[in-house]
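Q: okay, predicted coordinates and the sequence, questions at the end:
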Amino acid sequence: MRNIATDPDARAAGVEQTPMSVIQWLSRIERDWFIVFDNVTGDSSGLAPYLPQGDWGNILFTSRNLNSGCYIPSEAQVEVEGMEEEDAISLLLKSSALDKWSTELREAAKLIVKELCCLPLALDQAGAAIASGLCSIDDYLVRYSNYRRELLADPTFKGASNYGYAVYGAWDLSFKAIHVMGTPAAESAVFILQTFAFYHHEGIAEEIIKRAAEAGIRGLAIGGDDNGRKVSLPSQLVQLDQRGSWDPFFFREGIRVLLSYSLIKKGAISGIYSFHPLVHCWSRDRMSHEARQISSCLASTLLASSITFHFMATDYAFRRALIPHMKALEKCTTESGIQIPYQDNQCTKFALVYDEAGYWKEAEELWNQVMWMRKRILGEEHPDALAIIANLASTYQKQGRWKEAEELEVQVMQMRKNILGEDHLDTLTSMANLAATYWSQGHWNEAEELEVQVMQMRKNILGEEHPDTLTSMANLASTYQKQGHWKNAEELQDQVMRMGKNILGEEHPSTLFSIANLASTYQKQGWWKEAEELEVQVMQISKRVLGEEHPDTLTSMANLAATYWSQGHWNKTEELEVQVMQMRKNILGEEHPSTLTSMANLASAYQKQGWWKEAEELEVQMMQISKRVLGEEHPDTITRMANLASTYQNEGHWKQVVALEVEATQIGKIVHKEGHSNTLNMLDSQTEY
């Protein structure tokens, strides 16, 4: 401002060399002028006295602080987006003193640009490191993977910008500015930054804090920081109001501080936040190993505390959204060599989340940890140990490992009968789980015998409208359906569906199961329109509530495809079946029974269209996998042999047909054409705790 006072026109107008005199002069003159307030940081309220008035001038603010926008009409605000990839490549090659027109070099630079997320200062520093001879453009990423912190924190690597600060150094300044504030908002900001550093950098919901607070997390403290001070969850972050609901004021104050330094971003949906990937890395890299140990434990405990054993639609959706954060937490701790101490409750909750979402390998690993720990501490016959064994068996069942599941379930059922009695609810659950495994293996009579017992006892003990009673009715109906007792199945399924809607609501997974099962019975009787109407409803709700990749959603898509198949709508069938097969391969693996079923359904659609080569390719794969996984005598294996024989017959490959028929006869089974067998059954296999 004082320099402006030296302008000849300003001096002629008698402007003094003070900011206020300059501002008054600029407010009066009737010609264009332009002032830039560059890099407005911190509290922008002090700017007000320095803004000239009038209609002639132009003012440009550049800032990372969204609060500085209070002086600017919304239509005049422009957010500077990330650098375009091609421009980022050119910047990197310029800073590297390399030929920016070389196709080969641009391809090599593209990989670095992607890793550094097109952040200009990071690219400028990377180029400086390459130009200095520390590394070449081809091996920069190798150095970066091992020395990320050193490369991004070293201010001596100055590229074309001459900015004066390293990437990490610029953010360190922001962190120090927050830290010295000493306010509750700053304390919250530091905790949020250091804890969220161990989650996925996108989709971090304030709902995590809310649910943890309302579940009763209090006074969490683990170890000390680098200066020996106790590190704990700030009490104001989990403060409840008089009604017992979470008070978000201090959390959002912390978010406001982080937003003012552009260390965090608001998502398109309220209450969802994200970090730039490099800011996210910096927030971990700046910590010592001990501090990372402490913050990762706090992050794990906070995440687990947000998980409850409630099973409404919102609970399923919330838990599904936690999976990226659970996986990121595991990845970060593994890479940092951090060991999070075993906590039974945390392992159980994380296992529940993985199990619900179809990540059965991850769930199995956690159930095993809990099982062995409970056996060692509580003993093999303790109810809590038996509950975890039942969960492990359920996870085996979902992976198609029937023998392992059956062995554990028989063990649990017998122990519960001896310890708790035959009519105890836990005993009934274990009987239902064993029946589910019998059902999955095609042992209908054994399944029916157990299911009748469970249903009758649950009616007597819990009443007809209890959710567990409805589940047992649905299971028995499913077995009736497999035996071809359509009327018995339909009658039970209709009861279950109506009561489920009234008691649990239309969007509850158990209600969706019951609707799908009734639709399946309609389908088996040739009532295609009625089946299709119900199946479209189930698929749409499942996608919204559970997510498009959830195993139950995929089953609902397969069920609808089955109805299209039955009506001869081959294009619609094929479109859905290709989606289902590909997603099941990605999520469940090629050998999972559900994946095999979707392959069989797609092969069947190919057959109907006369695409024999495509059908044959799938059927050969299925038969080989089925023999290896299920065994040669499994009904599904026999059916798949029959399907392949049918395809060979249509292709005129008679030798292969005869060979398969001889093999099937030797096994001694009657083969039938495999239709669509994707019924969404509400078999118990209940997760226990």
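A: Received the coordinates, thanks.

Q: next, count neighbours for Ala88.
A: Close neighbours of Ala88, defined as other C-beta atoms under 10 Å, add up to 23. For glycine as for every other residue, the C-beta is placed from the backbone atoms N, C-alpha and C.

Q: equivalent analysis for Glu187, please.
A: Applying other C-beta under 10 Å, we find 21 residues neighbouring Glu187.

Q: show the contacting residues for it.
A: The contact partners of Glu187, by C-beta atoms under 8 Å, 6 or more residues apart in numbering, come to 234, 236, 254.

Q: swap in 7 Å and give it another go.
A: By C-beta atoms under 7 Å, 6 or more residues apart in numbering, the residues touching Glu187 are Pro234.

Q: okay, and it sits in which element?
A: helix 184-196 (DSSP states H and E).

Q: repeat that for Glu614.
A: Per DSSP H and E, the secondary structure element for Glu614 is helix 612-629.

Q: just to revisit the earlier point, just checking, what packs against the helix or strand immediately after the helix holding Glu187 in the chain?
A: Downstream of helix 184-196, the next assigned helix or strand under DSSP H and E is strand 204-205. Contact partners of strand 204-205 among helices and strands, from 3 or more C-beta pairs under 7 Å, 6 or more residues apart in numbering; DSSP states H and E: strand 272-274.

Q: moving C-terminal of the strand it packs on, what's the next helix or strand?
A: Moving toward the C-terminus from strand 272-274, the next helix or strand (DSSP H and E) is helix 277-285.

Q: what's next to that following helix, contact-wise?
A: Taking contacts as C-beta under 7 Å, 6+ apart, the residues outside helix 277-285 that touch it are 116-117, 119, 122, 148-149, 167-168, 171, 193-194, 197, 201, 263, 292, 332.

Q: what residues of the helix or strand that comes right after it count as buried?
A: Following helix 277-285 in sequence order, the next helix or strand is helix 289-305 (DSSP H and E). For helix 289-305, the neighbour count (16 or more other C-beta atoms under 10 Å) marks 291-305 as buried.

Q: the helices in the stretch 451-600 of the chain, which residues?
A: Secondary structure of the stretch 451-600 of the chain (DSSP state H, counting those that start in this stretch): helices located at 467-482, 486-503, 509-524, 528-545, 551-566, 570-588, 593-608.

Q: ok, which of those comes nearest Glu81?
A: Nearest to Glu81 among these is helix 528-545 (30.4 Å), distances taken as C-beta to C-beta.

Q: got a quick PyMOL command for the buried subset of the contacts of helix 277-285?
A: Selection of buried members from these for PyMOL, criterion 16+ other C-beta under 10 Å:
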select buried, resi 116+117+119+122+148+167+168+171+193+194+197+201+263+292+332
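
Q: so what's the residue lying closest to Val496 once chain neighbours are set aside up against?
A: The spatial neighbour of Val496 that comes closest, neighbours along the chain excluded (C-beta to C-beta, 6 or more residues apart in numbering), is Ser514 at 4.4 Å. By C-beta under 7 Å, 6+ apart, the contact list for Ser514 reads 474, 493, 496-497, 500, 682.

Q: reformat those as TSV; add neighbour count and pLDDT.
A: Converted to TSV, the contacts of Ser514 look like this (neighbours: other C-beta atoms under 10 Å; pLDDT from 0 to 100):
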residue	neighbour count	pLDDT
Ala474	29	88
Gln493	28	88
Val496	27	89
Met497	23	90
Gly500	24	86
Met682	26	36
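
Q: and these, which is closest to Asp384?
A: Nearest to Asp384, judged by C-beta to C-beta, of the contacts of Ser514 is Met682 at 25.5 Å.

Q: list the buried residues for stretch 556-573?
A: Going by 16+ other C-beta under 10 Å, stretch 556-573 has these buried residues: 556-567, 569-570, 572-573.

Q: most widely separated two among those residues?
A: Across the buried residues of stretch 556-573 (C-beta to C-beta), the longest gap, 19.8 Å, separates Ser556 and Trp570.

Q: follow-up on the earlier one: same question for the helix holding Glu187, mean pLDDT?
A: Averaging pLDDT along helix 184-196 yields 92.

Q: ok, stretch 29-47 next?
A: Mean per-residue pLDDT for stretch 29-47: 79.

Q: for that stretch, give me every contacting residue.
A: If you take C-beta under 7 Å, 6+ apart as the criterion, stretch 29-47 is touched by 26, 56-65, 67-68, 71, 177.

Q: pull out the buried residues from these.
A: Here, 16+ other C-beta under 10 Å leaves 26, 57, 59, 61, 63-65, 68, 71 buried among those.

Q: dump the residues you listed to JSON lines, plus pLDDT.
A: Formatted as JSON lines, those follow (pLDDT from 0 to 100):
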{"residue": "Leu26", "pLDDT": "90"}
{"residue": "Gly57", "pLDDT": "86"}
{"residue": "Ile59", "pLDDT": "87"}
{"residue": "Phe61", "pLDDT": "85"}
{"residue": "Ser63", "pLDDT": "82"}
{"residue": "Arg64", "pLDDT": "76"}
{"residue": "Asn65", "pLDDT": "72"}
{"residue": "Ser68", "pLDDT": "69"}
{"residue": "Tyr71", "pLDDT": "71"}
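
Q: from these, which is closest to Gly182?
A: Nearest to Gly182 among the buried ones among the contacts of stretch 29-47 is Asn65, at 19.5 Å by C-beta to C-beta.

Q: separation between that closest one and Gly169?
A: To Gly169, Asn65 is 19 Å away according to C-beta to C-beta, to the nearest Å.

Q: cool, Gln346 as well?
A: 36 Å.

Q: which one of these two has more residues nearby?
A: Per other C-beta under 10 Å, whichever of Gln346 and Gly169 has more neighbours is Gln346, with 20 against 15.

Q: quick one on the thing from earlier: of the contacts of helix 277-285, which one scores lowest on pLDDT?
A: Val167 (82).

Q: got the contact list for stretch 353-367?
A: By C-beta under 7 Å, 6+ apart, stretch 353-367 touches 307, 316, 319-320, 322-323, 326, 347, 350-351, 388, 391-392, 395, 398-399, 550-551, 587-588, 687.

Q: give me the subset of those lying in helices.
A: For the contacts of stretch 353-367, the ones inside helices are 316, 319-320, 323, 326, 347, 350-351, 388, 391-392, 395, 398, 551, 587-588, with DSSP state H as the criterion.

Q: and those residues, which are buried?
A: By neighbour count, with 16+ other C-beta under 10 Å, the ones in helices among the contacts of stretch 353-367 hold 316, 319-320, 323, 326, 347, 350-351, 388, 391-392, 395, 398, 551, 587-588 as buried.

Q: and of those, the nearest to Pro509?
A: Tyr316 (6.5 Å).

Q: so where is the protein shaky, pLDDT-wise?
A: For the chain, the stretches with pLDDT under 70 are 41-45, 67-69, 157-164, 218-232, 313, 588, 593, 629-630, 634-635, 666-689.

Q: now do the domain split for it, please.
A: With domains defined by automatic domain parsing, the chain comprises 4-76, 85-147, 171-341, 556-689.

Q: and those: which comes nearest Gln483?
A: Nearest to Gln483, of these and by C-beta to C-beta, is domain 556-689 at 13.0 Å.

Q: next helix or strand past the helix holding Glu614?
A: helix 635-651.

Q: so how far is that following helix from its chain's centroid?
A: 38 Å (C-alpha atoms, centre = their mean, to the nearest Å).

Q: pull that helix out as PDB, backbone CA atoms only.
A: Extracted as PDB, the C-alpha positions of helix 635-651 are listed here (Å, rounded to 0.1, in the frame of the first residue of the first chain):
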ATOM      1  CA  PRO A 635     -25.600 -83.300  -7.500                       C
ATOM      2  CA  ASP A 636     -24.300 -80.100  -9.000                       C
ATOM      3  CA  THR A 637     -21.300 -81.900 -10.500                       C
ATOM      4  CA  ILE A 638     -23.600 -84.500 -12.100                       C
ATOM      5  CA  THR A 639     -25.900 -81.700 -13.400                       C
ATOM      6  CA  ARG A 640     -22.900 -79.900 -15.000                       C
ATOM      7  CA  MET A 641     -21.800 -83.100 -16.600                       C
ATOM      8  CA  ALA A 642     -25.300 -83.500 -18.100                       C
ATOM      9  CA  ASN A 643     -25.200 -79.900 -19.400                       C
ATOM     10  CA  LEU A 644     -21.900 -80.400 -21.000                       C
ATOM     11  CA  ALA A 645     -23.100 -83.600 -22.600                       C
ATOM     12  CA  SER A 646     -26.100 -81.800 -24.000                       C
ATOM     13  CA  THR A 647     -23.900 -79.100 -25.600                       C
ATOM     14  CA  TYR A 648     -21.600 -81.800 -27.100                       C
ATOM     15  CA  GLN A 649     -24.700 -83.500 -28.500                       C
ATOM     16  CA  ASN A 650     -25.800 -80.200 -30.100                       C
ATOM     17  CA  GLU A 651     -22.400 -79.800 -31.600                       C
END
